[in-house]
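Visitor: What follows is a protein structure lacking sequence information:
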DNA sequence: TGCTCGCTCCGCGATGTTAC
DNA sequence: GTAACATCGCGGAGCGAGCA
């Protein structure tokens, strides 16, 4: 194969195909993602392997498995591809023309409703021609979305450590027990887990971060989880507590307005909830994404009831 | 300088192969 | 049997050489 020809015509596309296969974990899914056919993906990977004289994927029948060589290439290629793809916007930015392009964000419903709006409002005022694309998703699906490059970054919490993701916590919300003012628990000086377990617990959506954490705390303390009433949204949690159907543990930004309820700090048992910025490790952020990140980390906007986890640091753009 | 022809590359659908 | 990758054959597009 003529190497110079390979570089000129194919190398960029082939590398992009290769990285998509790594992210998708399948030739077929990569073909769908790239809007091409599976044979085309297969042939591109073969040509790349032939050119580099290495095996990038072990073929185990219908399954593929990335080799150490493939992993090493991916680690090198992905940042390079991101850089090249961001080049047009970066060029415009260098000329002081950060006025166009897309900014794609993803987050859980709570973050999108209670954290992002003031930041989006300020950002769209400053950069009115940048298209803001906001996707709502479940907290546990955020890593998959970010790793597949479907968004610039996410706003939310991470369930667990992930070597491929970079998490920068920004906001901290203390855990609270909320109940009506006339609830029997309001009479107690000190409220324990066992006291709470005697009442119905209004729970956030099943398998959400808060749902998972609350159950974990009862399990870790060897206390049988109280009877639960699980509702589909954080707004519904507050409504059900107001109606006297039970009490609730609040661990998120979603319940920052609870003046008509009694709120008791429960940080003795339940962890605080932090929200932050989640991005793929090594990803080259577009200029508009970096501007938005800079705004999030600044102290230009103060969320009600939110406590900054650390002194904001404005990253250098150089 | 512009047109034509033939070579090469690339992608597609169909089909084969393999592992579960 | 099913799902996913590999291979085959075909057609379209791009490019360069040759010619008027």
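Guide: Thanks, I have the structure now. Nothing here was measured: the structure is a model prediction, and the numbers come from that model.
Visitor: Tell me where the stretch 1-150 of chain A has helices.
Guide: Using DSSP state H, counting those that start in this stretch, the helices assigned to the stretch 1-150 of chain A run over residues A:3-9, A:11-24, A:27-33, A:38-52, A:68-85, A:87-94, A:109-114, A:116-126, A:142-147.
Visitor: Can you check the distance spanned by stretch A:161-175, start to finish?
Guide: 21 Å (CA to CA, to the nearest Å).
Visitor: and that stretch, average pLDDT?
Guide: Regarding stretch A:161-175, the rounded mean pLDDT is 79.
Visitor: Same question for stretch A:215-229.
Guide: Per-residue scores along stretch A:215-229 average to 83.
Visitor: do the same with stretch A:48-62
Guide: 77.
Visitor: which residues make contact with that stretch from outside it?
Guide: A:1, A:3, A:6, A:14-15, A:17-18, A:21, A:45, A:64-67, A:69-70, A:73 (CB atoms under 8 Å, 6 or more residues apart in numbering). No exception for glycine: its C-beta is placed from N, CA and C like everyone else's.
Visitor: ok, and for it, which residues are buried?
Guide: A:48-49, A:56-57 (16 or more other CB atoms under 10 Å).
Visitor: now, which of those residues lie close to DNA strand C?
Guide: When contact is defined as CB under 7 Å from any atom of the strand, these meet DNA strand C at residue A:57.
Visitor: Just give me the closest of the buried residues of stretch A:48-62 to DNA strand C.
Guide: residue A:57 (6.9 Å; CB to the nearest atom of the strand).
Visitor: Next one: that closest one from residue A:280, what distance?
Guide: 21 Å (CB to CB, to the nearest Å).
Visitor: what's the neighbour count on the residue in the stretch 101-250 of chain A positioned nearest to DNA strand B?
Guide: DNA strand B sits closest to residue A:149 of the stretch 101-250 of chain A, with a gap of 19.4 Å, by CB to the nearest atom of the strand. Residue A:149 has 18 neighbouring residues, counting by other CB atoms under 10 Å.
Visitor: picking up where we left off before, mind telling me which of the helices of the stretch 1-150 of chain A the model trusts least?
Guide: helix A:3-9 (a mean of 45).
Visitor: Name the residues of stretch A:181-199 that come out as buried.
Guide: A:183, A:185, A:191, A:193, A:196, A:199.
Visitor: biggest separation within the residues you listed, which pair?
Guide: Greatest spacing in the buried residues of stretch A:181-199, by CB to CB: A:183 and A:193 (16.3 Å).
Visitor: Please, where are all the strands along the stretch 151-300 of chain A?
Guide: A:153-156, A:165-173, A:176-179, A:201-203, A:228-230, A:248-250, A:262-265, A:273-280 (DSSP state E, counting those that start in this stretch).
Visitor: now for the ones you listed, which one comes closest to DNA strand C?
Guide: strand A:273-280 (21.7 Å).
Visitor: strands paired with the closest one, and their directions?
Guide: Partner strands for strand A:273-280, per DSSP bridges, with pairing direction: strand A:153-156 (antiparallel), strand A:165-173 (antiparallel).
Visitor: Which stretch among the helices of the stretch 1-150 of chain A is buried most, on average?
Guide: Mean neighbour count, computed with mean count of other CB atoms under 10 Å, is highest for helix A:109-114 among the helices of the stretch 1-150 of chain A, reaching a mean of 22.
Visitor: Name the residues linked to residue A:60 by a beta bridge.
Guide: residue A:63.
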